[in-house]
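Asks: From the sequence below, what's the structure:
(chains A, B and C)
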Amino acid sequence: MREELDKIFESFDNNYIFKDKSVLQSNYMPHEIPHRSEQIKQIASILAPTLRGEKSSNIFLYGKTGTGKTLSIHYVKDELLRRVKKDNDFQLRIEYLNCKLKKVSDTEYRILAELIKKLGQEIPNTGLPTETVYNKFIEILDSEKQILILILDEIDQAVKKISTDFLYNLTRLNSELSQTQICVVGISNDLTFLEGIDPRVRSSLSEEEVVFSPYNAIQLQEILNQRARDSFKENAIAEGVIAKCAAFAAREHGDARRALDLLRIAGEIAEREGSKKILLKHIDESNTKIEREKILEVIKTEPKQFQYVLYSIIKLSEHKEGPFFTGDVYNHYQELCIKNKSEVLTQRRVGDIIQEFDMLGIINVRVISKGRGGRMREIKLAISKSLIEKSKAIIEEVLDYK
DNA sequence: GTCAATTCACATGAAAGAGACCACGGTCTAGTG
DNA sequence: CTAGACCGTGGTCTCTTTCATGTGAATTGACGA
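Replies: As a prediction, the model looks like this:
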């Protein structure tokens, strides 16, 4: 045992690959952000008045995941904070909040609670009327003269779950504050997000808009090269590896984060193998590994009822050729629950669960109509055979089911 | 043969209930002077 | 007399159920040629 461990640690010790892995991690802040100078300039010029203590326009940032929105706004934020003068009679605060994080999740209450926490006060997770929390928030803000730039990342996620009232309140906040001024920076992945929103809110929230277009493969390559220089040792990357990474990510609507993950995981795989270089095959492995881990993690942490449903889907796909439908799944699910003496959810609920699996990318779902035969979802598993086996094993283990 | 009505098997929405968690404020108890 | 223990009330959260309404096309059936 010890010898094996020796081997492991030894190989880790003299690794040929990494110089500084953190450069590839998603929270790393590079000194330069390639291909985003336009957007950064735009944002900076909009927010510049805050340095003089004036309110700036609200901004809305659009762009798909991994197009550098978050990075850019953080960059501007740091630069602003660096330049703010100490002897001003106001304070400039910039708070960033990702609305999609689990703990923030999807209620107005939680978002406010999180904001209050950022401002340095505690609020219980539950138990208070929302209005109290609101008042407290306002009170804290107004306690001193300050300019607050509120960056709300993935705001579309939040609004989808909460009503748009939240945004409305947000835009109206300024009128309730006497000393403090707020400006909101909304970030959204969904390009059509503002369409379904009350025009009044829309116009006040998106006084300015900045669009982040996806990176193309060449730009991705440059980004990867830049990061790779700092994170890997010399000659640690084989020919064509970067290009392949970029190509993979470009296929996924130019997601730079994904490209970086790909490269990092590939590096880790190569390191573990004791390879001196990252080779093309490591990228492939990395790609499947990322998919795999993501899905398996989801499956593992899903609640019981979800697992029953997924298990039914897997079983059905084994026994049956071709697609199957909501009703099939529900019947199988019912039997499964009865067999396991578990309570049975209604069809309504199971339908929602199926839809959630679709959102997670584990299954593919299409609503079809069979004329008089009714209208239902056509369900297909969207993961590879080996992954299905693995998932099945996990569920059987969790459910203690043979 | 044609066209509108019907019908199936769910989808999709809205509202509300159950059970868990929690803060707040009032009341009770025990320890202190 | 006061600090801390202990309750009751009222609030939020998540997961579900209930009730209601919507939906796309195969099928039916009336109608006219």
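
Asks: Please determine how far whichever residue of the stretch 251-400 of chain A sits closest to DNA strand C is located from A:Ile197.
Replies: Relative to DNA strand C, the nearest point of the stretch 251-400 of chain A is A:Gly371 (1.5 Å; Cβ to the nearest atom of the strand). Every C-beta, even on glycine, is put in place using the N, C-alpha and C of the backbone. Distance, A:Gly371 to A:Ile197, by Cβ to Cβ, to the nearest Å: 37 Å.

Asks: so what pLDDT did A:Thr164 get?
Replies: Looking at A:Thr164, its pLDDT is 68.

Asks: I meant A:Ser312, not that one.
Replies: On the pLDDT scale, A:Ser312 gets 93.

Asks: one step back: name the residue in A:Gly371 and A:Ile197 with the higher neighbour count.
Replies: A:Ile197 (17 against 6; other Cβ atoms under 10 Å).

Asks: Surely the more buried one touches A:Leu167?
Replies: Yes. Between A:Ile197 and A:Leu167 there is a contact at 7.0 Å, judged by Cβ atoms under 8 Å.

Asks: overlap in contacts of these two?
Replies: A:Val159, A:Leu205 (Cβ atoms under 8 Å, 6 or more residues apart in numbering).

Asks: Report the contact partners of the most centrally placed residue in chain A.
Replies: Closest residue to the average C-alpha location of chain A: A:Lys100 at 6.8 Å, with Cα atoms, centre = their mean. A:Lys100 makes contacts with A:Asp153, A:Glu154, A:Gln157, A:Ala158, as judged by Cβ under 8 Å, 6+ apart.

Asks: ok, which residues in the stretch 251-400 of chain A are in contact with DNA strand C?
Replies: A:303, A:305, A:343-346, A:348-349, A:352, A:369-375 (Cβ under 7 Å from any atom of the strand).

Asks: If any of those residues are buried, put those into a ChimeraX selection.
Replies: Remark: buried members of those, expressed as a ChimeraX selection using 16 or more other Cβ atoms under 10 Å:
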select /A:305,344,345
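
Asks: Angles on the backbone of the residue of the stretch 251-400 of chain A closest to DNA strand C, please.
Replies: phi 60, psi -120 (degrees, to the nearest 10).

Asks: circling back to that earlier point, distance of the residue nearest to the centre of chain A relative to A:Ile353?
Replies: 20 Å.

Asks: A:Ala256: what's it in contact with?
Replies: Contacts of A:Ala256 by Cβ under 8 Å, 6+ apart are A:Gly66, A:Thr67, A:Gly68, A:Tyr215, A:Leu220, A:Ile223, A:Ala249.

Asks: By residue count, which helix of chain A is the longest?
Replies: Longest helix of chain A, by residue count under DSSP state H: helix A:280-301.

Asks: which parts of the helix or strand that it is followed by are buried?
Replies: Downstream of helix A:280-301, the first helix or strand assigned by DSSP states H and E is helix A:304-319. Residues of helix A:304-319 classed as buried: A:305-317 (neighbour count, 16+ other Cβ under 10 Å).

Asks: same for helix A:304-319, what does it pack against?
Replies: helix A:326-339, helix A:347-359, strand A:375-381, helix A:385-399 (3 or more Cβ pairs under 8 Å, 6 or more residues apart in numbering; DSSP states H and E).

Asks: Out of the ones you listed, which is closest to A:Ile149?
Replies: helix A:347-359 (31.6 Å; Cβ to Cβ).

Asks: That closest one versus helix A:280-301: what angle between them?
Replies: 160 degrees (axes from the mean of the first three to the mean of the last three Cα atoms, to 10 degrees).

Asks: and helix A:347-359, which residues are buried?
Replies: A:Val350, A:Gly351, A:Ile353, A:Ile354, A:Phe357, A:Asp358.

Asks: Against A:Leu119, how distant is A:Glu79?
Replies: With the distance defined as Cβ to Cβ, A:Glu79 ends up 22 Å from A:Leu119.

Asks: ditto for A:Gly351
Replies: Taken as Cβ to Cβ, the span from A:Gly351 to A:Leu119 is 41 Å.

Asks: One more: A:Tyr168?
Replies: From A:Tyr168 over to A:Leu119 (counting by Cβ to Cβ), the distance is 22 Å.

Asks: Kindly report the same for A:Gly373.
Replies: For A:Gly373 relative to A:Leu119 (Cβ to Cβ), the value is 57 Å.

Asks: Please apply the same query to A:Ser143.
Replies: Counting by Cβ to Cβ - A:Ser143 and A:Leu119 are separated by 10 Å.

Asks: Between A:Glu79 and A:Leu119, which has more neighbouring residues?
Replies: A:Leu119 (16 against 13).

Asks: returning to that earlier point: out of the helices and strands packed on helix A:304-319, which gets nearest to A:Ser275?
Replies: Checked against Cβ to Cβ, the stretch from the helices and strands packed on helix A:304-319 lying closest is helix A:385-399, at 23.3 Å.

Asks: and the closest one, what's its mean pLDDT?
Replies: According to the model, helix A:385-399 has a mean pLDDT of 87.

Asks: same for that helix, what does it pack against?
Replies: By 3+ Cβ pairs under 8 Å, 6+ apart, helix A:385-399 packs against helix A:280-301, helix A:304-319.

Asks: A:Asp328 touches A:Leu316, doesn't it?
Replies: Yes. Using Cβ under 8 Å, A:Asp328 is in contact with A:Leu316, at 5.8 Å.

Asks: circling back: distance-wise, check the residue of the stretch 251-400 of chain A closest to DNA strand C relative to DNA strand B.
Replies: Distance of A:Gly371 to DNA strand B, computed by Cβ to the nearest atom of the strand, to the nearest Å: 7 Å.

Asks: Mind pulling up the pLDDT for that residue?
Replies: pLDDT, read off for A:Gly371, is 88.

Asks: which ones are touching it?
Replies: By Cβ under 8 Å, 6+ apart, A:Gly371 has no neighbours at all.

Asks: before we move on, back to that, so the residue nearest to the centre of chain A, which of the three states?
Replies: With DSSP: H, G, I helix; E, B strand; the rest coil as the basis, A:Lys100 sits in coil.
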